[in-house]
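Novice: next come a sequence and a model predicted from it.
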Amino acid sequence: MENASDHDPVDVLIIGAGASGGAVAWSLSDTRMRILCLEQGDWMKSSKYPTTTNNWEAQQFGAFNIDPNVRGLDTDYPINGDASPIDVVNFNGVGGSTVLYAAHFPRLHPSDFKVKTLDGVADDWPVDYEQLEPYFVENDRMMGVSGLTGDPMYPPKKMPLPPLPIGLVGETMAKGYNKLGWHWWPSDGAVISQPYEGRDKCLNLGTCMSGCAQGGKSSTDITYWPQAIRSGVELRTRCRVRDITLNSDGMADGAIYYDADGNEHFQKAEIVIMACNGVGTPRILLNSKSGQFPDGLANRSGLVGKNLMFHPISVVRGVFEERLDSHKGPPACCIISKEFYETDPDRDFVRGYNMQISRGPGPLTMALRGHASGDIPWGPGHHEAFREQFDHIASIVNVCEDLPEESNTVTLDPQLTDSNGIPAPKITYRISENSRRMLAHGLARGREVMQAAGAKQVDTVDLLRPAGWHLLGTARMGNEPETSVVNSWGRSHDVKNLFVVDGSIFVTSGGVNPTSTIQALALYIADTMKKNLANLFD
Amino acid sequence: MTNDVNATAHPFSGRRQRSLSALLDTVLPASEDGSMPSARELDFLAYVREQAQEFMPKLAAIVDHFDDEFSNQPLSTRLAAVEDYSKTEKQAFNGLLFHIYDCYYQNSRVCELIGVRPGAPFPQGYAVEPGDLSLLDTVLAHPRSYRS
């Protein structure tokens, strides 16, 4: 083991260089503190992304797959998902899962922070939309977000860039929503519709989820990180943290990590910030056992790893007579409907979901999906069936709010480990009855929209399995140490110099993609830390 | 015997080549109207060598599953044989299908026929219709708001 003195102590140690790690690093960089981020993955090279090659689609099934168990890269850790109907998907590298995310960028709604008060379920957050609003604005500016001002389903908000083209898919589906009198709006997307901050605009490659060679998609490796590094933050890659260490006063004093060659290191720090997402953060905390914390660091509440929330997703797919150019454009950033977002007492579930209109796949994916579903046979008849569907597809992706349940957990797998021998996370999760009803409602309403839009064929996926992008709730915020892991500004109740800034701290999940809110929270926490530097540990 | 010698020198000479060609034509034959080519018209082996070298031994094993007569049989008989194989050796068949489709749908001629610009999407990208945002007038005509 390398001697601790080989690494100079730092003021702030951030674990994870993804959505929240980039945001908190950049925000804290103006304090002139010495800030170091440890990231288990590598920097990405845009020239290596699949769309620079002819076999771009095939790579999405291998090295650029969204499922770490399929990718199996050295920089990934395995995840035991046998006890979950939803698989965790993520990416490990500078930028984290923003490298492969779809960049759909809605904010949580004001009502999402008050679910107990408004709907009598789960808990209210200790922060609200109004407190986070300036940080949403700052984050939109830093990331580069495109959208259309004026959506009546939100408080007034101004977007930095005009909306992305909704295309034939969006226009066709919008007409369906209009026939039914239902809400829709061009999606807010972390994809730049115009040149912005030295980056050229989106080229409509259609491959957001395998990395953006153009740099039009706003992943934090090309947004926050270059600015944070220019401001003096050090980012050390291929450093996989095993555990957070404690001193005799019960304060975090650093982290033990492995480098790419498997050598063990210790990095001393005054402040430790966890930014590893809702699976990675509880994994490290639970693995950081000590005499003071035999059940895992900062876990006197027993809630680290509990209350895991995904967004259960169902899909309604329509095939249209007319060609929709479905494979062109950002797949997920088209139009969105919030018609069923808020609780309605006439429905058989509480809370709600959003309906995202998704464009269609490339030809290889289309053929393979058609084989899996039985819609496009191999052999005679393949071409005719393929021709009817390819570029004639629009999909509705129903993203349902998931309510917290302590029985949905991230724990340490007793056998499975990563390449450094660190226990892998095990996911134990079941779909609640409320979510099942919501999913069914979304399927039925989705069919109505598809028919109104003129689809000649409609089929559905009741529950999408590779859909665990949104990893939330496993180190929840709250004012009471007995019922939460961190306080209203991300500080551990148990360890006063330990912070969590990723999706783990969500109290409830809302019914939209969480990255915008995760980053706004990270900026809010960083700002609160800066305002309280004199008495940060009181 | 000659075939065996050739098979050692080149894994897809002689009988194997004929069987592979028949297999490709069974899995992905030309369209009925003749507009789309059969997969046998593409250089599938070049694709495997260049993009999926690790698949070569599996491909040889799959092809060897089909007997000497396979390539001489009518399409209906070949279809039945491949259908049977796809059920008994599902994983192997799905691997084969993946590579046949991957080869086929990145072929320039095929891409043009299905309306996709051949080659890597980057750096040229695509143009996308902006869409008619005046359709939002209908949305704005319905009074609605967020809850807070």
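Specialist: Thanks, I have it.
Novice: skipping adjacent residues, who's closest to A:Thr409 in space?
Specialist: Spatial nearest neighbour of A:Thr409, chain neighbours left out: A:Thr428 (4.8 Å); criterion: C-beta to C-beta, 6 or more residues apart in numbering or on different chains. Quick note: C-beta positions are derived from backbone N, CA and C, even for glycine.
Novice: what's the neighbour count on the one you found?
Specialist: By the measure other C-beta atoms under 10 Å in any protein chain shown, the count of residues near A:Thr428 is 17.
Novice: how near is it to A:Arg445?
Specialist: Here the criterion is C-beta to C-beta, to the nearest Å. By it, A:Thr428 lies 30 Å from A:Arg445.
Novice: can you name the residue of chain A nearest to chain B?
Specialist: The minimum distance from chain A to chain B, using C-beta to the nearest C-beta, falls at A:Leu203 (2.7 Å).
Novice: that residue against B:Tyr126, yeah?
Specialist: Yes. Using C-beta atoms under 8 Å, A:Leu203 is in contact with B:Tyr126, at 7.0 Å.
Novice: which of the two has more neighbours?
Specialist: A:Leu203 (23 against 16).
Novice: and the closest residue to that one other than its chain neighbours, how many neighbours?
Specialist: Excluding its sequence neighbours, the residue lying closest to A:Leu203 (C-beta to C-beta, 6+ apart) is B:Gly125, at 2.7 Å. Other residues near B:Gly125 come to 20 when the count uses other C-beta under 10 Å.
Novice: could you do A:Ile431 as well?
Specialist: Using other C-beta under 10 Å as the criterion, A:Ile431 is surrounded by 18 other residues.
Novice: what are the ranges of the helices in the stretch 201-350 of chain A?
Specialist: In chain order, the stretch 201-350 of chain A shows helices spanning A:224-230, A:277-287, with DSSP state H, counting those that start in this stretch as the criterion.
Novice: follow-up on the earlier one: host element of the residue nearest to A:Leu203?
Specialist: Secondary structure assignment for B:Gly125, by DSSP states H and E: no helix or strand.
Novice: doesn't A:Thr207 make contact with it?
Specialist: No. Under the criterion of C-beta under 8 Å, B:Gly125 lies out of contact with A:Thr207, with a separation of 10.3 Å.
Novice: in contact with A:Gly150, which residues?
Specialist: Each residue near A:Gly150 by C-beta atoms under 8 Å, 6 or more residues apart in numbering or on different chains is listed here: B:Leu140.
Novice: looking at this, it is in a strand?
Specialist: No. The assignment for A:Gly150, made by DSSP: H, G, I helix; E, B strand; the rest coil, is coil rather than a strand.
Novice: that older thread, next, the contact list for the residue of chain A closest to chain B, please.
Specialist: Counted by C-beta under 8 Å, 6+ apart, A:Leu203 has contacts A:214, A:216, B:121-126.
Novice: can you tell me the centre-most residue of the chain?
Specialist: Looking at chain A here, since you left the chain open. Of all residues in chain A, the one closest to the mean position by C-alpha atoms, centre = their mean is A:His470, 4.4 Å from it.
Novice: could you do chain B instead?
Specialist: Among the residues of chain B, the one closest to the centroid is B:Tyr101, at 1.6 Å (C-alpha atoms, centre = their mean).
Novice: can you tell me the closest non-neighbouring residue to it?
Specialist: According to C-beta to C-beta, 6+ apart, the nearest residue to B:Tyr101 is A:Ala367 (4.5 Å).
Novice: what stretches of the chain score poorly on pLDDT?
Specialist: Assuming you mean chain A. A:1-6 (pLDDT under 70).
Novice: let me rephrase: I mean chain B.
Specialist: In the prediction, chain B carries residues with pLDDT under 70 at positions B:1-10.
Novice: OK, contacts around the residue in it that chain A sits nearest to?
Specialist: With distances taken as C-beta to the nearest C-beta, chain B approaches chain A most closely at B:Gly125, which sits 2.7 Å away. Under the criterion of C-beta under 8 Å, 6+ apart, the contact list for B:Gly125 reads A:202-205, A:214.
Novice: circling back to that earlier point, other SSEs contacting the helix or strand in which the residue nearest to B:Tyr101 is found?
Specialist: Taking DSSP H and E as the criterion, A:Ala367 maps to helix A:363-373. Judged by 3 or more C-beta pairs under 8 Å, 6 or more residues apart in numbering or on different chains; DSSP states H and E, helix A:363-373 is in contact with helix A:56-59, helix A:382-389, helix B:90-104.
Novice: which one of those helices is the most hemmed in?
Specialist: Highest mean neighbour count among the helices and strands packed on helix A:363-373 (mean count of other C-beta atoms under 10 Å in any protein chain shown): helix A:56-59, with a mean of 24.
Novice: which strand in chain A has the most residues?
Specialist: As far as residue count goes, and with DSSP state E defining each element, the longest strand of chain A is strand A:264-274.
Novice: pull the CA atoms of that strand into PDB?
Specialist: The C-alpha atoms that make up strand A:264-274 are tabulated as PDB, following Å, rounded to 0.1, in the frame of the first residue of the first chain:
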ATOM      1  CA  GLU A 264      -4.100   0.500  -3.100                       C
ATOM      2  CA  HIS A 265      -3.900   4.200  -2.200                       C
ATOM      3  CA  PHE A 266      -5.100   6.400   0.600                       C
ATOM      4  CA  GLN A 267      -6.200  10.000  -0.100                       C
ATOM      5  CA  LYS A 268      -6.600  12.200   3.000                       C
ATOM      6  CA  ALA A 269      -9.300  14.900   2.900                       C
ATOM      7  CA  GLU A 270     -11.000  17.400   5.100                       C
ATOM      8  CA  ILE A 271     -14.400  17.100   3.400                       C
ATOM      9  CA  VAL A 272     -15.700  14.100   1.500                       C
ATOM     10  CA  ILE A 273     -18.500  14.400  -1.100                       C
ATOM     11  CA  MET A 274     -20.300  11.300  -2.500                       C
END
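Novice: from the chain's centre, how far out does it sit?
Specialist: For strand A:264-274, the distance from its own C-alpha centre to the chain's C-alpha centre is 25 Å (C-alpha atoms, centre = their mean, to the nearest Å).
Novice: could you pull out the buried residues of that strand?
Specialist: A:265-274 (16 or more other C-beta atoms under 10 Å in any protein chain shown).
Novice: what does stretch A:173-180 give?
Specialist: Neighbour-count burial for stretch A:173-180 flags A:173-178, A:180 (criterion: 16+ other C-beta under 10 Å).
Novice: now swap in stretch A:290-299 and tell me
Specialist: In stretch A:290-299, the ones that count as buried by 16+ other C-beta under 10 Å are A:293, A:296-299.
Novice: now the end-to-end length of that stretch.
Specialist: 11 Å (C-alpha to C-alpha, to the nearest Å).
Novice: can you tell me what sits against that stretch?
Specialist: Counting contacts by C-beta under 8 Å, 6+ apart, the residues outside stretch A:290-299 that touch it are A:243-244, A:246, A:250, A:252, A:282, A:285-289, A:300, A:302, A:304-305, A:475, A:485-486, A:492-495, A:498.
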